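Novice: Just need the structure, nothing else, for what follows:
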Amino acid sequence: MHFISTRGQVPPTPIDDALVAGLAPDGGLYVPGRMPRLDDWSPLSTLSATALRTLAPYFEGSALRDRLEAICADAFSFDAPLRPLAGAGDHVLELFHGPTAAFKDYAARFLARALEGLRDPSAPPTTIVVATSGDTGAAVAAAFHRRPGFRVVILYPDGKVSPRQAHGLGCWGDNVAAYRVEGSFDDCQRLAKQALADEALRARVPLGSANSISLGRLLPQAAYYAHAAAHFHAAHGQALNFIVPTGNLGNASAAFVARSMGAPVGGIRLACNANDTLPRYFAGADYAAQPTRATLANAMDVGAPSNFERLRHWHRSDAELRAGFVAASVDDATIREVVREAPTRHGIVACPHTATGLKLLQDLRAAGDTRPWAVVATAHPAKFESIVEPLVGHPVEPPPALAECLARPARAAAMAPEYDALKAVLEG
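Specialist: Numbering: from 1, shown residues only. I've put the predicted structure just below:
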């Protein structure tokens, strides 16, 4: 299979080249030249087996084809359980059981193994440039830490991630360096994209991407939607609908990929925080990026979601795109209220991001919607203890892997939100 750019200015590209490049040369995002559909979505026993079935059509002709099973086994070695909530027909898809307690662990590990398999051992090291609004950077750091032939440069907005998230970005050392940028996530994302599109720089310094603009992040995430939906459909004879907390739209785009491949995924609702670029658009306004606002659900603090370009490419018109999704914004006061009530109302302790999804679920039930819905739990609440614990009234213990990260010292250097500052780091 070949992949094309959303901007249509580059020839069809094999998946191996698209994975290594990250961003298409014309500044667009790579998408499949066609979306494969599978006839058999009967449930498989493990998440890694579902991942292999989901990803295999994209890797026909790839140098990774014979290694794909082993890559999936490593990347999807921890489960993504679908658990019932207190309400009838309500579920939560827990995606926080990986090494950094966030959903991004699955795809980051897949991408690291894939790029390692494609790398020429005699080539100079590849620098993975990653912008993060909170969770991506730690997942990428964990996936590439001490992996020969790679170094990682993490850019995050100074003061706009939780203390434990910041610690998880700067606690790795070795081949991983974290930089706290004096600006917003959009500044970090702008700098990363500028570097990846700088052909002169890339001729001197081999670069790669691990943000959700990368196919190696997008495609693997379709696996846990397909897995949960297949098991639910087999048990209940219904498609499972998903509420996805979203910022840069990568996770929600993966749900769309799973649905487009024929997996029994029903409706997809986008839960946003006060950064309401997407709710404005899906309510009928012209698409217009907004300045980023800092919120309690900081990993979703994105005013210009990159993957919107993919969703728009996959639909023939704005009307068709708007017909396929619903988006709503949840403010900080409501997030606090939902987190406070979640143990009693839903039977779980929720992180601020998951709380945005729970709010949409509550609104659906209040409006009389009786369909089965799963809220995607994107991160463990212990990553946001300073927000969650005062609201629920008790400590939230971090899972063992997160506790191990927090026990290590952490360091991040300051960086101005200027391209010359990033270039100096990359060329240093």
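Novice: Strands of the protein, start to end?
Specialist: Counting by DSSP state E, one finds strands in the chain at the ranges 2-5, 13-14, 30-32, 82-84, 90-94, 126-131, 150-157, 176-181, 207-209, 240-245, 265-272, 326-329, 373-377, 413-415.
Novice: Just checking: what are the partner strands of the shortest one?
Specialist: Meaning strand 13-14. Using DSSP bridges, the strands paired with strand 13-14 are strand 2-5 (antiparallel).
Novice: what comes up buried for the strand it pairs with?
Specialist: Buried residues in strand 2-5, counted by 16 or more other Cβ atoms under 10 Å: 3, 4, 5. (C-beta placed from N, C-alpha, C; glycine too.)
Novice: before we move on, the earlier item: least reliable of the strands of the chain by average pLDDT, please.
Specialist: Set side by side, these give their lowest mean pLDDT on strand 207-209, at a mean of 87.
Novice: who does it touch, helix- and strand-wise?
Specialist: strand 126-131, helix 185-196 (3 or more Cβ pairs under 8 Å, 6 or more residues apart in numbering; DSSP states H and E).
Novice: circling back: looking at the strands of the chain, which is closest to residue 191?
Specialist: strand 150-157 (6.1 Å; Cβ to Cβ).
Novice: Now do that closest one against strand 176-181: the angle between them, please.
Specialist: Counting by axes from the mean of the first three to the mean of the last three Cα atoms, to 10 degrees, strand 150-157 points 20 degrees away from the direction of strand 176-181.
Novice: any idea how far the closest residue in space to residue 146 that isn't next to it in sequence is from residue 122?
Specialist: Once flanking residues are discounted, residue 146 sits nearest to residue 174: 5.4 Å by Cβ to Cβ, 6 or more residues apart in numbering. Residue 174 sits 22 Å away from residue 122, taking Cβ to Cβ, to the nearest Å as the criterion.
Novice: Settle it for me: which of those two has more neighbours?
Specialist: residue 174 (12 against 6; other Cβ atoms under 10 Å).
Novice: That one and residue 145 touch, don't they?
Specialist: Yes. With contact defined as Cβ atoms under 8 Å, residue 174 counts as touching residue 145 (6.4 Å).
Novice: Check the burial of residue 414 by counting its neighbours.
Specialist: Neighbour count of residue 414, defined by other Cβ under 10 Å: 10.
Novice: Residue 370 now?
Specialist: Neighbours of residue 370 (other Cβ under 10 Å): 9.
Novice: Spatially nearest residue to it (excluding sequence neighbours)?
Specialist: residue 89 (6.7 Å).
Novice: for that neighbour, what are its contacts?
Specialist: Residue 89 makes contacts with 370, 371, 372, 373, as judged by Cβ atoms under 8 Å, 6 or more residues apart in numbering.
Novice: For ChimeraX, write a command that selects the buried ones of those residues.
Specialist: Buried members of these, identified by 16+ other Cβ under 10 Å, are gathered into one ChimeraX selection as follows:
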select :372,373
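Novice: For the contacts of residue 89, give me TSV that also has distance to residue 417.
Specialist: Converted to TSV, the contacts of residue 89 look like this (distance: Cβ to Cβ, whole Å):
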residue	distance to residue 417
370	48
371	44
372	44
373	39
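Novice: for the contacts of residue 89, which one is nearest residue 200?
Specialist: Out of the contacts of residue 89, the member with the shortest distance to residue 200 (by Cβ to Cβ) is residue 373, at 48.8 Å.
Novice: That closest one pairs with what?
Specialist: Going by DSSP bridges, residue 373 forms beta bridges with residue 90, residue 241.
Novice: so how far is residue 358 from it?
Specialist: According to Cβ to Cβ, residue 373 and residue 358 sit 10 Å apart.
Novice: next one: residue 168
Specialist: 24 Å.
Novice: Which of those two has more residues huddled nearby?
Specialist: Each of residue 168 and residue 358 has its neighbours counted (other Cβ under 10 Å); residue 168 has more, 30 against 27.
Novice: What residues does that one make contact with?
Specialist: For residue 168, counting by Cβ under 8 Å, 6+ apart, the contacting residues are 100, 137, 138, 141, 383, 402, 405, 406, 410.
Novice: Run a quick neighbour tally on residue 16.
Specialist: There are 18 residues near residue 16, going by other Cβ under 10 Å.
Novice: on that earlier part again, any idea which of the helices and strands packed on strand 207-209 is most buried?
Specialist: strand 126-131 (a mean of 26; mean count of other Cβ atoms under 10 Å).
Novice: Give me the contacts around that strand.
Specialist: In contact with strand 126-131 (Cβ under 8 Å, 6+ apart) are residues 115, 119, 136-137, 140, 144, 149-156, 185, 188-189, 191-192, 195-196, 205-211, 422, 426.
Novice: Direction included, what does that strand pair against?
Specialist: Strand 126-131 has these strand partners (DSSP bridges): strand 150-157 (parallel), strand 207-209 (parallel).
Novice: Mind exporting the C-alpha coordinates of the longest one to CSV?
Specialist: Once side chains and other backbone atoms are set aside, the C-alpha atoms of strand 150-157 remain, and they are given as CSV (Å, rounded to 0.1, in the frame of the first residue of the first chain):
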residue,chain,number,x,y,z
PHE,A,150,18.0,7.5,18.4
ARG,A,151,17.9,10.7,20.5
VAL,A,152,14.7,12.4,21.6
VAL,A,153,14.1,16.2,21.9
ILE,A,154,10.9,17.0,23.8
LEU,A,155,9.3,20.4,23.7
TYR,A,156,6.6,21.3,26.2
PRO,A,157,4.9,24.6,27.3
